[in-house]
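In: Quick one, fold the following:
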Amino acid sequence: MLQKGKFFFLSRPRRFGKSLLISTLRNIFEGRRELFKDLWIEKNSKWKWSNHPVVIFDFNGITIDSTEHLKMSLNDRLDDVANQYGVVLKKRLLKDRFKELILNLKEKTGKGVVILVDEYDKPIIEHLGKGKERLSASMGNRDVLRDFFGIVKETDAAPNLNFVFFTGVSKFSKVSVFSELNNLDDLTMHTDFTSLLGWTEEEITSHFKDRLTMLADKQNLTVEAALEGLKDNYNGYRFSDSTIRVYNPFSILKCLDEKAFKNFWFETGTPGFLLNLIKERNFNIPELEKLRVDVETFSTYEIEDIKIEAILFQTGYLTILKTDYPCFTLGYPNREVRLSFLNHLLRHISEIKSEAERSRFLLLSKYLHTENYEEFFATATSLFAAVPYTLSRKTDEGYFHTLFYLMLFASGLETHNEVITCRGRINMAIIYADKIFIIEFKCNQSADTAIDQIKEKGYFEKYLITGKEIFLMGINFNTSHRNITDWKVEKFRNEY
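Out: Residues are numbered from 1 along each chain as shown. Predicted structure coming up:
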């Protein structure tokens, strides 16, 4: 990257090491060779280790609550850098002062200026999903960033720059924040940079042998089984056509330190704005297991028309499972993300706050496995009734399907949604070690209609080879009652 160009952008999920990458670049460009002693770049490259002036904009430390405060905070940052290098800024307007800083630093040091921007999108996404007033602040901040950073492309400033690097969680399209910066080389889905952040399995096994052994001993596992646990919980991120998958480095470090498999990623914060958007748009959550999108999904991210699919990919809740260019199949990268995200969604969408109510989710699995259908549906209907009326005004099959799916997931059931067969799509299949339930949902119809569809479409044929008992389940949701009003379960028999 350092040798091939000048202007770069990289989007990655949180806790993937973006800030550490910015720090690494800073120290490389400041010529601090001693920090890289015995590392590859110090031993094997021809890097000249020149000391360039480096300007860092870390939006974790810049005030972003309003457009005016953002402008003031950026001005303060320019003053701090100017004082650091002993130059004087005489201009008054924000963007003029930025250009003046670049020109003065180049003139004083004789070296090209390096611009490093961390979490560039925070002034925008911090306000999303929080009402119209906050949306207005988001749009205002976007416009400030567009004008401010547009300076680095201007003919006066660009020749005085040596390297420019932006990073963040979200990738806004070129007609937005980066409309003035269409010369940025986007590395987000570049196959050569798939493993720039995150760790490959080879890196983990080579650099953490001792830690893997300690984890295995603590969990009474073999090293191979411990590695499988790491893979199941924290691997799976794929950012391009390349088949390389990487582990979340934050979760790996926490797991190896505590010697336990936990959901570390979600302990650092919940995706509030994303959960709000999903609820506002009544997004069909079961589709996220295998979501098919086209390539345009990754390049059309605008505040006024946010695509939830794009945000889910950029924030790390979904990753690439399969590529069939120009189409991609997205899904959850690993167990940690899937479990935590769906549990957060259930609490957020249902607003069932009572621990007593939430503990009843666990009964669903028990009743279904023992084929106690009366208690299963009595529990399910009582949970639906606990959902506040204001959340269920947009009631349709998708709404009920989503909420029912989340409830079953919270009970620990192995659920498969929108299962494709040669004759159609099964709404849901629940898999036990000894039995399978094939479920069809209807809205304002009848359970018999749902059962008839399962039979007519032959949805059970897919599972005959398993040798397990197969049950057909039809469920009807009534939009007036906002609940299940009819259900039926039949055991599969060959005469079907």
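In: Buried residues of stretch 362-378, list them for me.
Out: The neighbour-count criterion (16 or more other Cβ atoms under 10 Å) identifies 363-365, 367-369, 376-377 as the buried residues of stretch 362-378. Where you see a C-beta, it was placed from the backbone N, CA and C, and this is true even at glycine.
In: Likewise for stretch 313-326?
Out: Under the neighbour-count criterion of 16+ other Cβ under 10 Å, stretch 313-326 has 313-321 buried.
In: That one: end-to-end distance?
Out: This stretch, stretch 313-326, spans 16 Å end to end (Cα to Cα, to the nearest Å).
In: Any stretches of the stretch 201-350 of the chain with poor pLDDT?
Out: 267-272, 299-301 (pLDDT under 70).
In: For it, which segments count as helices?
Out: 201-207, 209-218, 223-234, 249-258, 272-280, 308-314, 335-350 (DSSP state H, counting those that start in this stretch).
In: deepest of those, which one?
Out: Stretch with highest mean neighbour count among these: helix 308-314 (a mean of 22; mean count of other Cβ atoms under 10 Å).
In: elements contacting that helix?
Out: If contacts are counted by 3 or more Cβ pairs under 8 Å, 6 or more residues apart in numbering; DSSP states H and E, helix 308-314 sits against helix 272-280, strand 291-294, strand 327-331.
In: and the shortest one, C-alpha only, in CSV?
Out: Presented in CSV, the C-alpha positions along strand 291-294 are these (Å, rounded to 0.1, in the frame of the first residue of the first chain):
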residue,chain,number,x,y,z
LEU,A,291,-29.2,-12.9,2.3
ARG,A,292,-28.6,-12.5,-1.5
VAL,A,293,-27.5,-9.1,-2.7
ASP,A,294,-25.9,-7.6,-5.8
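In: Mind giving me the packing neighbours of it?
Out: Secondary-structure packing of strand 291-294 (3+ Cβ pairs under 8 Å, 6+ apart): helix 308-314, strand 327-331.
In: Adjacent strands (with direction) for the shortest one?
Out: Looking back up the chat, that one is strand 327-331. The strands beside strand 327-331 in its sheet (DSSP bridges) come out as strand 291-294 (antiparallel), strand 319-324 (antiparallel).
In: for those, which one sits closest to residue 121?
Out: strand 319-324 (19.1 Å; Cβ to Cβ).
In: how far off helix 335-350 does that closest one point, in degrees?
Out: Here strand 319-324 runs at an angle of 110 degrees relative to helix 335-350 (axes from the mean of the first three to the mean of the last three Cα atoms, to 10 degrees).
In: what's strand 319-324 in contact with?
Out: Here strand 319-324 makes contact (Cβ atoms under 8 Å, 6 or more residues apart in numbering) with 236-241, 290, 313, 328-333.
In: Turn those into CSV, columns for distance to residue 410.
Out: Listed next are these as CSV, based on distance: Cβ to Cβ, whole Å:
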residue, distance to residue 410
236, 22
237, 25
238, 27
239, 30
240, 33
241, 35
290, 20
313, 24
328, 29
329, 25
330, 23
331, 19
332, 16
333, 20
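In: quick one: which of those residues is nearest to residue 407?
Out: Nearest to residue 407 out of those is residue 332 (Cβ to Cβ; 18.1 Å).
In: Residue 485 touches residue 475, doesn't it?
Out: No. If you go by Cβ atoms under 8 Å, residue 485 and residue 475 don't touch, sitting 9.5 Å apart.
In: Pick out whichever of these two has more residues nearby.
Out: Taking neighbours as other Cβ atoms under 10 Å, residue 485 and residue 475 compare with residue 475 leading, 25 against 16.
In: Give me the helices and strands touching whichever strand or helix holds the more buried one, please.
Out: Per DSSP states H and E: residue 475 is located in strand 469-478. Packing partners of strand 469-478 (3+ Cβ pairs under 8 Å, 6+ apart): helix 397-410, strand 435-443, helix 447-457, strand 483-491.
In: what sits up against that strand?
Out: Everything outside strand 469-478 that qualifies as a contact, by Cβ under 8 Å, 6+ apart, is 371, 395, 397, 400, 404, 434-451, 454-455, 460, 463-464, 483-492.
In: From those residues, list the buried ones, please.
Out: Counted by 16+ other Cβ under 10 Å, these give 395, 397, 400, 404, 435-443, 445, 447, 450-451, 454, 460, 463, 483-489, 492 as buried.
In: and the direction of the helix or strand containing residue 20 versus that of helix 249-258, what angle?
Out: In this assignment (DSSP H and E), residue 20 forms part of helix 18-29. In terms of direction (the same axes, to 10 degrees), helix 18-29 departs from helix 249-258 by 100 degrees.
In: Go through helix 18-29 and flag the buried ones.
Out: Across helix 18-29, burial judged by 16+ other Cβ under 10 Å covers 18, 21-23, 25-26, 28-29.
In: As a markdown table, these with distance to residue 213 and pLDDT would be great.
Out: Formatted as a markdown table, the buried residues of helix 18-29 follow (distance: Cβ to Cβ, whole Å; pLDDT from 0 to 100):
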| residue | distance to residue 213 | pLDDT |
| --- | --- | --- |
| 18 | 30 | 94 |
| 21 | 29 | 96 |
| 22 | 33 | 97 |
| 23 | 30 | 97 |
| 25 | 34 | 97 |
| 26 | 35 | 97 |
| 28 | 33 | 97 |
| 29 | 38 | 97 |
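In: which one of those residues sits closest to residue 51?
Out: Among the buried residues of helix 18-29, and counting by Cβ to Cβ, the member closest to residue 51 is residue 29, at 8.0 Å.
In: Go ahead and confirm the closest one touches residue 52.
Out: Yes. Look at residue 29 against residue 52 with Cβ under 8 Å: they come within range, at 4.6 Å.
In: anything in contact with each of these two?
Out: By Cβ under 8 Å, 6+ apart, residue 29 and residue 52 have these common neighbours: 114, 162-163.
In: Scan these and report the most crowded one.
Out: Neighbour max across those (other Cβ under 10 Å) = residue 114, 22 neighbours.
In: so what's that one up against?
Out: Contacts of residue 114 by Cβ under 8 Å, 6+ apart are 25-26, 29, 52-55, 161-164.
In: Farthest-apart pair in the residues you listed, please.
Out: Of all pairs in the contacts of residue 114, the most separated under Cβ to Cβ is 26 and 161 at 15.1 Å.
In: Are any of the contacts of strand 319-324 buried, and if so which?
Out: Here, 16+ other Cβ under 10 Å leaves 236-240, 290, 313, 328, 330-333 buried among those.
In: Would you mind listing the two of those residues that lie farthest apart?
Out: Applying Cβ to Cβ across these, the maximum distance is between 240 and 290, 18.9 Å.
In: pretty sure residue 62 contacts residue 77?
Out: Yes. Using Cβ under 8 Å, residue 62 makes contact with residue 77 at a distance of 6.5 Å.
In: hang on, residue 117 is in a strand, isn't it?
Out: Yes. Counting by DSSP: H, G, I helix; E, B strand; the rest coil, residue 117 is found in a strand.
In: what's the neighbour count on it?
Out: Counted with other Cβ under 10 Å, residues neighbouring residue 117 total 21.
In: tell me the pLDDT at it?
Out: On pLDDT, residue 117 comes in at 96.
In: In contact with it, which residues are there?
Out: Each residue near residue 117 by Cβ under 8 Å, 6+ apart is listed here: 56-57, 59, 149, 165-168.
In: Show me how to select, in PyMOL, the buried members of the residues you listed.
Out: Only the buried entries of the contacts of residue 117 go into this PyMOL selection, using 16+ other Cβ under 10 Å:
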select buried, resi 56+57+59+149+165+166+167+168
